[in-house]
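**Q** have a look at this fold, sequence not included:
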């Protein structure tokens, strides 16, 4: 068995090139984790996800505990087998979706009671039950149970919320069943307040985790505040553990966060955008629904190895979208996941070769140009 | 270039094992043609369709002429390039969808005027315009423009309709631009009346086509009447040309029709069923929405090489359907297309080896058993 560990292979300024080892394989960082909410990266076969270069996917505890149920997934051999993803899986703690999706919820110091958004059935999540559910799912990386502090929040609100999350982090650590190759990540909270972030990081380091996430960002604070918060947070985290910025983001967010020492990312943006005709390219986002594409024989993105770009024209993708054909979301999701994997692969190479700053500048300049001119 | 031709490789009673040669490759018969209505076999990448063993797909003239438009497809290099299907393509004449989908339609002796079901825009189809549109689409097999006689129809109604279709068949032949490797198929009409079928077949043979379709069946007459009609029709058709039964059908329909001398089939059933949780197996149809599957770790169909069966459990497929995840229709469509290709491959092997009757009996017995017992 593999011990859960992090290798730091190279640094370039604050940017890091690394590798996380888990029970189900290695993750090269910087890494983008496609979101597989309900045990499927929407509109993708697992083999297609792997073909883009993705090495790890994320599953949502809240969704999976409600349907099909964590015990059922465990009986069926765990989430890897259930969704046919043999590589590493990270599961979130469930807290974020309880706050954003559940019908009624009641928080207390011990945990959260809530009603399913499907059928109103009652459920309870505590640090202990979240650990148990994530263990039943067989996640390689378990996330500590926390409260995602709303934005905006006053210092006092952010402090109270952060202190609750730190108490829950300790209980998460105590409840987590250590297994070879499996890791538990703590989550730094504290809103946009540097003092609270420092206090949170200190509390987590005292508890000790296999990795550290930065939570409570990408909730409306804007890129500038997010980067500022990262700048005061990542230096407080140990260099020998992976750092994960939760729920982020656009390509420029990822590049900026990597430049501030983050290793891992997840976001629904590439998959969700793929279902709404939005494609991510190196020259910015492209809306395939736009009539300008209807006679365009060119690929969505020259040189991209995904089937949308390799095998089809913009005119065809436009036709699929306009005709509401399932193949449209299938191809655009594939492209977007590929675009994110191409980005992180580029970041890894740039950091290893000491040219991260140039990579970031080139990417920004290319995105600034915007899409290729119409024919 | 390849001449459009049909090789008869083996016969077993009335059942035939053959091969159709076209400008874009060969089609081994008996063949099932997946339906790619709007330039996409719904929920499938073209490479996935090919992976099931399908050698030809069908495109719908009515849908493609309205969106994206035949001229646009031609400018973009034809339907093969547009949808990235390098193999043979058959297009229907548009008449059937005009009758079933258009908003308003007015038939005259010359053709049909109708309004698009999308936007009410006015269009006209005649034998000549149908030939032109199918040429613009670059179909390897063009279908003559006909009227699909409604069912039920009196002898007089069926006769009048058939005679109109025969006049249109002649005009279709005259308007068809002969090209090396491309063929035009005539369509036998006449409802369930043997005399009319004989008269129709005779008229088509006088005109001369590269293949002969049997139209106006699978419209509500039932399997017995369909088989009875085939029994009086296929013996009237030349043995050195392919025979295509349009819009058929269930696996037992296909087996019965092959036993009555049919070579080619198309039907929306496998793709449409794939989007409504219905799977075709050798032991009959299975509804994956049914709760009996929710804890079933077994594959949908043991031994099936499709990814739904190879990589996933019934429990997972059930979960995808219940969660309305796109991957559900994707996997079930793939399975169903695979099931139909496995069936026709089995028929080809059985005919070649002189055991068609045994194959048909075994298939019927297996389907009769029904699905595997719940655990």
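**A** Received, thanks. All figures in this text were calculated on a predicted structure; none of them were measured in a lab. Numbers count the residues shown, from 1 in each chain, chains lettered A, B, ... in the order given.
**Q** give the contact list for the residue in the stretch 151-300 of chain A that chain B sits nearest to.
**A** When scored by C-beta to the nearest C-beta, the stretch 151-300 of chain A has residue A:297 as its residue closest to chain B, at 5.7 Å. Placement of C-beta: from N, CA and C, glycine included. By C-beta atoms under 8 Å, 6 or more residues apart in numbering or on different chains, residue A:297 lies in contact with A:313, A:314, A:315, B:76, B:77.
**Q** looking at these, which are in helices?
**A** A:314, A:315 (DSSP state H).
**Q** show me the two of the contacts of residue A:297 that sit farthest apart.
**A** A:314 and B:77 (13.6 Å; C-beta to C-beta).
**Q** quick one: mean pLDDT for stretch A:334-344?
**A** For stretch A:334-344, the mean pLDDT works out to 98.
**Q** is residue A:26 in a helix, a strand, or coil?
**A** strand (DSSP: H, G, I helix; E, B strand; the rest coil).
**Q** repeat for residue A:185
**A** Relying on three-state DSSP, one would call residue A:185 strand.
**Q** wait, it sits on residue A:246?
**A** No: if you go by C-beta atoms under 8 Å, residue A:185 and residue A:246 don't touch, sitting 9.5 Å apart.
**Q** identify the contacts common to those two.
**A** By C-beta under 8 Å, 6+ apart, residue A:185 and residue A:246 have these common neighbours: residue A:213.
**Q** tell me the contacts of the closest residue to chain B within the stretch 101-250 of chain A?
**A** For the stretch 101-250 of chain A, the residue closest to chain B is residue A:118, as judged by C-beta to the nearest C-beta, at 9.4 Å. Contacts for residue A:118 were tallied using C-beta under 8 Å, 6+ apart; they are A:66, A:67.
**Q** can you check residue A:369 too?
**A** If you count contacts by C-beta under 8 Å, 6+ apart, then residue A:369 has A:283, A:284 around it.
**Q** from residue B:32, how far off is it?
**A** 48 Å (C-beta to C-beta, to the nearest Å).
**Q** show me where the stretch 51-200 of chain A has its helices.
**A** Taking DSSP state H, counting those that start in this stretch as the criterion, the stretch 51-200 of chain A carries its helices at A:61-66, A:70-75, A:79-83, A:95-101, A:127-137, A:155-175, A:194-207.
**Q** closest to residue B:260 out of those helices?
**A** It is, among the helices of the stretch 51-200 of chain A and with distance given as C-beta to C-beta, helix A:79-83, at 44.7 Å.
**Q** so what touches the closest one?
**A** By C-beta under 8 Å, 6+ apart, helix A:79-83 touches A:24, A:36, A:39-40, A:46, A:59, A:64, A:73, A:76, A:85-87, A:89, A:91, A:137-139, B:313, B:315-316, B:319.
**Q** near chain B, which residues of chain A?
**A** Contact residues, chain A versus chain B (C-beta under 8 Å from any C-beta of the partner chain): A:38-40, A:42-47, A:67-68, A:72, A:75-77, A:82-84, A:294-295, A:297, A:307, A:311-313, A:315-316, A:319-320, A:322-323, A:325-327, A:329-331.
**Q** more neighbours: residue A:314 and residue B:77, which one.
**A** Neighbour tally, residue A:314 and residue B:77, criterion other C-beta atoms under 10 Å in any protein chain shown: the higher count belongs to residue A:314, 26 against 13.
**Q** quick one: contacts for the more buried one?
**A** Counted by C-beta under 8 Å, 6+ apart, residue A:314 has contacts A:288, A:293, A:296, A:297, A:298, A:299, A:300.
**Q** report the separation between the fourth one and residue A:347.
**A** Same thing as residue A:297. 32 Å.
**Q** now do residue A:132
**A** According to C-beta to C-beta, residue A:132 stands 36 Å off from residue A:347.
**Q** these two: who's more crowded?
**A** Using other C-beta under 10 Å as the criterion, residue A:132 and residue A:347 rank with residue A:347 on top: 26 against 17.
**Q** that one and chain B: what is the separation?
**A** 29 Å (C-beta to the nearest C-beta, to the nearest Å).
**Q** list the contacts of the spatially closest residue to that residue that is not a sequence neighbour.
**A** The shortest distance from residue A:347 to any non-neighbouring residue, by C-beta to C-beta, 6 or more residues apart in numbering or on different chains, is to residue A:30 (4.8 Å). By C-beta under 8 Å, 6+ apart, the residues touching residue A:30 are A:15-17, A:254, A:258, A:262-265, A:344, A:347-348, A:351.
**Q** closest one of those to residue B:162?
**A** Nearest member of the contacts of residue A:30 to residue B:162, counting by C-beta to C-beta, is residue A:344, at 63.9 Å.
**Q** thank you kindly, that will do.
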